[in-house]
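Trainee: no sequence for this one, just the structure:
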Ligand SMILES: Cc1cc2nc3c(=O)[nH]c(=O)nc-3n(C[C@H](O)[C@H](O)[C@H](O)COP(=O)(O)O)c2cc1C
């Protein structure tokens, strides 16, 4: 079973991915947040540059409902940047995307999706995976979609079992996932609301799939993949020192709180080198702590304190004292 980091626009770009991969066991595969321009924006270009993604397996993700645009972007990714595989986004629920039949919006026009996939698969010179939700308004038509996907040689089918109307907050629908589990002929990846090693274990016991993708779970607790790899044991606080087999210091005892602080410090430094001003770097850290504060017993208090920071130095001193907020692991 493989572990994938979910693409998250604005968060899991190359800076986050590479720093995360250095400090933790990392993911077996990473996916870029979606690319949607024929002429890459500066952000899109920087995100796929091989020199910004050393030592990790990366699949660029494309969002479009125009086959010619998909083919042009995929070809450019192959010829210009060396990518042999891309992922198609059929999950984005955003009001600027889905109502135009892109992302999750493409799922409500399956006949158009078929025409798109016919053209893309007959002309593409790269391998293609699909990351899909299980419907637009509801999950009723998902079986038909799974059958549709069965007609094409996808490398894998990543299923986030929510419909578009569920956005990110309504509960995942495991029954909808079971339709893919029973009917799909493709290698399957489960994605959605896995926040702890026991939850990962239970999900994989119910659906022994080829891969598990986590997004917010890793932002809340960057050590989650290491713990899943250790065997899905529980998440209780450890005594401070333990062995993470796949951690960078292979075989050595790792203090998880120290590891987290070193990761965040490095991430702060990497964003400082990448972004134009301290304010932008602080914005990134505040965005991350919306999730990461969940790693602390008094996470609400820590988040408040982080949100008040006006200077990078304020942030770094809150980070230094963050143990006082009760690190959970
Ligand atoms: C802020 C944010 C940005 C996201 N951006 C993307 C994206 O660019 N492409 C994509 O396929 N999914 C995107 N997603 C969805 C995630 O990849 C994932 O499917 C979803 O968060 C459910 O997984 P999780 O519960 O493990 O986070 C995004 C989610 C969030 C919260």
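Mentor: Arrived safely. This structure is a prediction, so every number in the text was calculated from the model and none was measured. Numbering: from 1, shown residues only.

Trainee: which residues of the chain lie near the ligand?
Mentor: 6-11, 33-34, 61, 89, 91-92, 131, 160, 168, 191-194, 214-217 (Cβ under 6 Å from any ligand atom). (Each C-beta comes from the backbone N, C-alpha and C, glycine too.)

Trainee: can you do 5 Å?
Mentor: Within the chain, the residues that sit near the ligand (Cβ under 5 Å from any ligand atom) are 6-9, 33-34, 89, 91, 131, 160, 191-193, 214-216.

Trainee: pull the most distant pair out of the residues you listed.
Mentor: 34 and 193 (20.6 Å; Cβ to Cβ).

Trainee: of those two, who's got more company?
Mentor: Neighbours per residue, other Cβ atoms under 10 Å: of residue 34 and residue 193, the larger number sits with residue 34, 22 against 18.

Trainee: returning to what we had before: between the residues of the chain next to the ligand, which is nearest residue 174?
Mentor: residue 192 (9.1 Å).

Trainee: please report phi then psi for the residue of the chain found nearest the ligand.
Mentor: Here the chain gets closest to the ligand at one residue, residue 215, 2.9 Å apart by Cβ to the nearest ligand atom. Per-residue torsions, residue 215: phi -120, psi -80 (degrees, to the nearest 10).

Trainee: I'd assumed residue 8 was in contact with it.
Mentor: Yes. Counting by Cβ atoms under 8 Å, residue 215 does reach residue 8; the two are 5.3 Å apart.

Trainee: looking at these two, which is more packed in?
Mentor: Neighbours were counted for residue 215 and for residue 8 using other Cβ under 10 Å; residue 215 has more, 22 against 16.

Trainee: the residue lying closest to that one once chain neighbours are set aside: what's it in contact with?
Mentor: In space, and not counting its chain neighbours, residue 215 is closest to residue 6: 3.1 Å by Cβ to Cβ, 6 or more residues apart in numbering. Shown in contact with residue 6 (Cβ atoms under 8 Å, 6 or more residues apart in numbering): 12, 31, 191, 213-216, 218.

Trainee: go with 10 Å
Mentor: 12, 27, 30-31, 33, 91, 131, 158, 160, 189, 191-192, 194, 213-219 (Cβ atoms under 10 Å, 6 or more residues apart in numbering).

Trainee: please check those residues and keep the buried ones.
Mentor: Among the contacts of residue 6, those scoring as buried are 12, 27, 30-31, 33, 91, 131, 158, 160, 189, 191-192, 194, 213-219 (criterion: 16 or more other Cβ atoms under 10 Å).

Trainee: how about the helices in the stretch 1-150 of the chain?
Mentor: In the stretch 1-150 of the chain, the segments counted as helices under DSSP state H, counting those that start in this stretch are 14-23, 42-48, 67-81, 110-123, 142-150.

Trainee: I'd say residue 321 and residue 301 touch.
Mentor: No. Counting by Cβ atoms under 10 Å, residue 321 stays clear of residue 301, with 11.5 Å between them.

Trainee: quick one: which of those two has more around it?
Mentor: Neighbours per residue, other Cβ under 10 Å: of residue 321 and residue 301, the larger number sits with residue 301, 14 against 10.

Trainee: rewinding a little: out of the helices of the stretch 1-150 of the chain, nearest to residue 306?
Mentor: Closest of the helices of the stretch 1-150 of the chain to residue 306 is helix 14-23, at 16.9 Å (criterion: Cβ to Cβ).

Trainee: would you mind giving the domain segments of this protein?
Mentor: For the chain, automatic domain parsing gives the domain ranges 2-236, 254-320.

Trainee: mean pLDDT added to those, as JSON lines?
Mentor: Formatted as JSON lines, those follow (pLDDT from 0 to 100):
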{"stretch": "domain 2-236", "mean pLDDT": "96"}
{"stretch": "domain 254-320", "mean pLDDT": "97"}
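
Trainee: highest average neighbour count across these?
Mentor: Most buried of the domains of the chain by mean neighbour count (mean count of other Cβ atoms under 10 Å) is domain 2-236; its value is a mean of 19.

Trainee: any idea how far it is from the middle of the chain?
Mentor: Domain 2-236 sits 7 Å away from the centroid of its parent chain (Cα atoms, centre = their mean, to the nearest Å).

Trainee: beta partners for the residue nearest to residue 17 when sequence neighbours are not counted?
Mentor: Once flanking residues are discounted, residue 17 sits nearest to residue 30: 5.1 Å by Cβ to Cβ, 6+ apart. Legend: beta-bridge partners of residue 30 under DSSP bridges are residue 5, residue 58.

Trainee: separation between residue 30 and residue 8?
Mentor: Distance, residue 30 to residue 8, using Cβ to Cβ, to the nearest Å: 11 Å.

Trainee: now do the shared contacts for these two.
Mentor: Shared contacts of residue 30 and residue 8, counting by Cβ under 10 Å, 6+ apart, come down to residue 16.
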